[in-house]
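J.: sharing a model that was predicted from the sequence below.
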There are 2 protein chains.
Amino acid sequence: MPEESQMKQAMQAYIDHFNAADPDAVAALYTEDATVEDPVGSEPKRGREAILEFYRMAVQTGAKLSLAAPIRASHADAAAMAFDVNLQMPEGRSLIRVIDVMRFDDAGRFRSMEAYWGPSDVTPAAE
Amino acid sequence: MPEESQMKQAMQAYIDHFNAADPDAVAALYTEDATVEDPVGSEPKRGREAILEFYRMAVQTGAKLSLAAPIRASHADAAAMAFDVNLQMPEGRSLIRVIDVMRFDDAGRFRSMEAYWGPSDVTPAAE
């Protein structure tokens, strides 16, 4: 099981690579057979290729992530973080409030990601 | 599946009932056969009676909860929230940073709760 500090570093790297618009670096944080359910309630993306394609599209929106509170670890192979997504939507600048939960393999890579956000978590943002 | 607003109201009620030191009201938010895994990685408490006992002990610590960011919903029967726990520990006032994930039944009661926090999320707090 990875150390808490290792899990938190991987989650911070996720934020940083995403904000650097580097989908390859984001996808490399996942295991080959990982799953991404974003948002929770949607059909999960399965495998590194599908995950890379998902992040290629996501960074193309110009979205930027900022932590809303410090990353949390656990007493198991899992960690969670609350963050805000700022992006330009057709109707103007928007804010999406999200909590991601990641499960890890022993090497500290993400086996799974679940993104908790619903339609009520999307709001207009300051321009 | 409950509405997003219903899930968020139940999670806010959890915070409010806990802070009112009312373990019966907290436990009543759960289904009869619910599970509580707090922290993630510990043996889950199973059933309303075990859950009530857990909250009786928890509120006796004098712990108070405060949201660290707005509650998140999802596109499914789940929601998540980041909050801080302030409590008096033998070594002084402490802050525990937590993210809870709840799954709901159709009536908007918690079927399960998972609390993400590790030893690294416990820090001294201002007196």
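T.: In hand now; what should we look at? Residues are numbered from 1 along each chain as shown, chains lettered A, B, ... in the order given.

J.: okay, which residue is most central for chain A?
T.: A:Asp100 (5.9 Å; Cα atoms, centre = their mean).

J.: can you tell me the element it falls in?
T.: Assigned by DSSP states H and E, A:Asp100 belongs to strand A:92-104.

J.: neighbouring strands - and their directions - for the helix or strand just after that strand?
T.: Later in the chain than strand A:92-104, the nearest helix or strand by DSSP H and E is strand A:110-116. Here strand A:110-116 has these sheet partners by DSSP bridges: strand A:30-37 (parallel), strand A:92-104 (antiparallel).

J.: how about the residues of chain A near chain B?
T.: A:4-5, A:8, A:39-42, A:68-70, A:72-76, A:78-82, A:97-99, A:101, A:116-121 (Cβ under 8 Å from any Cβ of the partner chain). (Glycine included, C-beta is placed from N, CA and C.)

J.: before we move on, back to that, list the buried ones in the strand holding A:Asp100?
T.: Neighbour counts using 16 or more other Cβ atoms under 10 Å in any protein chain shown place A:94, A:96-104 of strand A:92-104 among the buried residues.

J.: chain center to the host helix or strand of A:Val26: distance?
T.: Per DSSP H and E, A:Val26 falls inside helix A:23-27. On the basis of Cα atoms, centre = their mean, to the nearest Å, helix A:23-27 sits 11 Å off its chain's mean C-alpha point.

J.: pull out the buried positions in it.
T.: Quick answer for helix A:23-27 (16+ other Cβ under 10 Å): A:23, A:26-27.

J.: what's the mean pLDDT across that helix?
T.: Averaging the model's pLDDT scores along helix A:23-27 yields 98.

J.: show me what it is packed against.
T.: Using 3 or more Cβ pairs under 8 Å, 6 or more residues apart in numbering or on different chains; DSSP states H and E, the elements in contact with helix A:23-27 are helix A:4-19, helix A:48-60.

J.: ok, residues contacting the shortest one?
T.: Translated: helix A:48-60. A:18, A:21-24, A:26-27, A:30-34, A:36, A:38, A:45 (Cβ atoms under 8 Å, 6 or more residues apart in numbering or on different chains).

J.: any quick PyMOL command for the buried ones out of these?
T.: Those of the contacts of helix A:48-60 that count as buried under 16+ other Cβ under 10 Å are selected in PyMOL with:
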select buried, chain A and resi 18+21+23+26+27+30+31+34+36+38+45
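
J.: between the contacts of helix A:48-60, which is nearest chain B?
T.: The shortest approach to chain B among the contacts of helix A:48-60 belongs to A:Asp38, at 9.7 Å (Cβ to the nearest Cβ).

J.: got the contact list for that closest one?
T.: Contacts of A:Asp38 were listed using Cβ under 8 Å, 6+ apart, and they are A:45, A:54, A:113-115.
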